[in-house]
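# Test case, fold it:
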Amino acid sequence: MNLRKYIFFLFLLVFGTLTIQVQAQNEVIQLKNPSFEGEPRAGGSVYGISAPGWIDCGGIMFPRETPPDIHPGNFFNVRKQAQDGRTYIGLVARENESWESVSQLLSEPLKEGNCYSLNLYLARSEHYVNRQPISANDDVKPQTNALVLRVYGGLRPCDKKQILYQSELVTNTDWRNYKFDFKIQSNVYYITFEAFYKTPVLVPYNGNLLIDNISDITQIACPDEAVVVISPEPEPTKVEKVVTKTTTVKPKVEQPKVTVAPKKEKTITQELNNETLVAGQTIEINKLFFAADTSSINSDSYEALDEVYDFLKENPNVRIEIGGHTNDTPEDDYCDRLSTARAKSVAQYLIRKGITPSRVEFRGYGKRKPIASNKSKEGRKRNQRVEITILNVD
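This next block holds a predicted model:
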């Protein structure tokens, strides 16, 4: 091989290597049917969502509810034109604590440690009535309130292993572009788009969220860590010594005012004392709030939990069980997992504050022990609770 051919061969080798590296750093993953093109159809079909490529997560979590709607089909008073193509998807959340989400398998996994970018168009419909009133006294509540978009990555369809993005409330009624970047904590094979309430929420509500024209998922460079540059201190400038006469005035120090905090009134453990304590006694923990669909305790709950902690600290002979309960809207397995996770969060809070782990047990009862009818919103709210049960008093 002569010198000219050798140099040309090296050029091709280096150029090819650089091309492969650039392609690896700019990985692009295309979604199937990103604009939800399909047959316009109101939810309710036994065949699920009518946009090919997408999985209806409601069919897994809330099988009693209808699939998401493909618009515009001139139903539910939703007449907005698509931002891209002919159709788009409408997701709703309901006051019965159910919500809609869709998922799909990615053509390539999102890889651990990599950063990606995605954008899509969101809107809210001013009109979204899922049926017409039967009579003048028929209370039909439109689903027009604003919701947020949650995007999850997971290992299975509709899996929520990692949250990739959560928007603010989508109040705009025109199509607007929402762009976000995210970093992958562990490999992701499925992506899920979910309409959800603005949290924390005490009372679920009816709302809608429209999605269209989801972009490709593009790999980007992860943000560099901030670099702190410490400059050397300048050498002091030589100055002439100037002697001045100074007068030191001792400041008057005022004695701090001592205020005594009022004693907190017991609202949970007031009926629990050494004289009345018996094994099997159950007390509901009031004012205990979780972010919807999670076991994350809201900071507004700390006062109630601190009262339980104080009770256990004052009564070292007491051992308790934390019991989690749900209403009957979701499926059994989901209710069991959520109630157990919430009971565990409460137990861990008490243990982190210093209660011996052997004194606190936790258990999720799901929807097996209702204390009210699940046919009303008030009843469902009462059934979704956390209780203390006295196991024994040594």
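
# elements contacting whichever strand or helix holds residue 349?
Residue 349 is part of helix 332-352 when elements are defined by DSSP states H and E. Here helix 332-352 touches helix 302-314, strand 318-325, strand 360-364, strand 385-393, going by 3 or more CB pairs under 8 Å, 6 or more residues apart in numbering; DSSP states H and E. Bear in mind the C-beta positions are built from the backbone N, C-alpha and C, glycine included.

# any chance of these in CSV, with mean pLDDT too?
Listed next are the helices and strands packed on helix 332-352 as CSV, based on pLDDT from 0 to 100:
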stretch, mean pLDDT
helix 302-314, 90
strand 318-325, 93
strand 360-364, 93
strand 385-393, 90
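
# In TSV: those, plus mean neighbour count.
Formatted as TSV, the helices and strands packed on helix 332-352 follow (neighbours: other CB atoms under 10 Å):
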stretch	mean neighbour count
helix 302-314	17
strand 318-325	22
strand 360-364	18
strand 385-393	18
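
# Can you add distance to residue 80 and give these back as CSV?
Below are the helices and strands packed on helix 332-352 laid out as CSV (distance: least, CB to CB, whole Å):
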stretch, distance to residue 80
helix 302-314, 43
strand 318-325, 40
strand 360-364, 42
strand 385-393, 40
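
# And these: which comes nearest residue 29?
Of all the helices and strands packed on helix 332-352, strand 360-364 sits nearest to residue 29, with 36.7 Å by CB to CB.

# List the buried residues for stretch 372-383?
The neighbour-count check on stretch 372-383 (16 or more other CB atoms under 10 Å) flags 374, 379-380, 382-383 as buried.

# Closest one of those to residue 194?
For those, the nearest to residue 194 is residue 380 (20.7 Å; CB to CB).

# Look up the closest residue to the closest one, ignoring the ones flanking it.
Closest residue to residue 380 apart from its sequence neighbours, by CB to CB, 6 or more residues apart in numbering: residue 327 at 3.9 Å.

# So what's the residue count around the one you found?
22 (other CB atoms under 10 Å).

# just residue 299 next, same as before
Residue crowding around residue 299 was assessed by other CB under 10 Å; the count is 8.

# Please export the C-alpha coordinates of the helix or strand that contains residue 93 as CSV.
When elements are defined using DSSP H and E, residue 93 is found to belong to strand 88-94. Only the C-alpha atoms of strand 88-94 are listed here, as CSV (Å, rounded to 0.1, in the frame of the first residue of the first chain):
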residue,chain,number,x,y,z
TYR,A,88,-55.7,14.2,19.0
ILE,A,89,-56.4,12.6,22.3
GLY,A,90,-58.6,13.8,25.2
LEU,A,91,-57.7,12.6,28.7
VAL,A,92,-60.0,13.2,31.7
ALA,A,93,-59.8,12.9,35.5
ARG,A,94,-63.0,12.3,37.4
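
# hang on, residue 315 packs against residue 277?
Yes: between residue 315 and residue 277 there is a contact under CB atoms under 8 Å: 7.5 Å.

# more crowded one of those two?
residue 315 (18 against 15).

# Tell me, what's the model's pLDDT at residue 184?
pLDDT recorded at residue 184 is 95.

# Residue 149: which element?
Take DSSP H and E as the rule and residue 149 turns out to sit in strand 148-154.

# Can you tell me what sits against that strand?
Residues outside strand 148-154 that contact it (CB atoms under 8 Å, 6 or more residues apart in numbering) are 101, 103, 110, 118, 122, 159-170, 178, 180, 182, 184, 188-199, 209, 211.

# Where strands are concerned, which of the residues you listed count?
Among the contacts of strand 148-154, the members falling in strands (DSSP state E) are 101, 103, 110, 118, 122, 162-166, 178, 180, 182, 188-196, 209, 211.

# Only the buried subset of the residues you listed, as a PyMOL command please.
The buried residues among these can be selected in PyMOL (16+ other CB under 10 Å) with this line:
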select buried, resi 101+103+110+118+122+162+164+165+178+182+188+189+190+191+192+193+194+195+196+209+211
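
# what does the domain assignment say about this structure?
Per the record, the chain has its domains at 24-220, 282-393, by automatic domain parsing.

# can you give me the mean pLDDT across the helix holding residue 349?
89.

# Over to stretch 212-223?
For stretch 212-223, mean pLDDT is 95.
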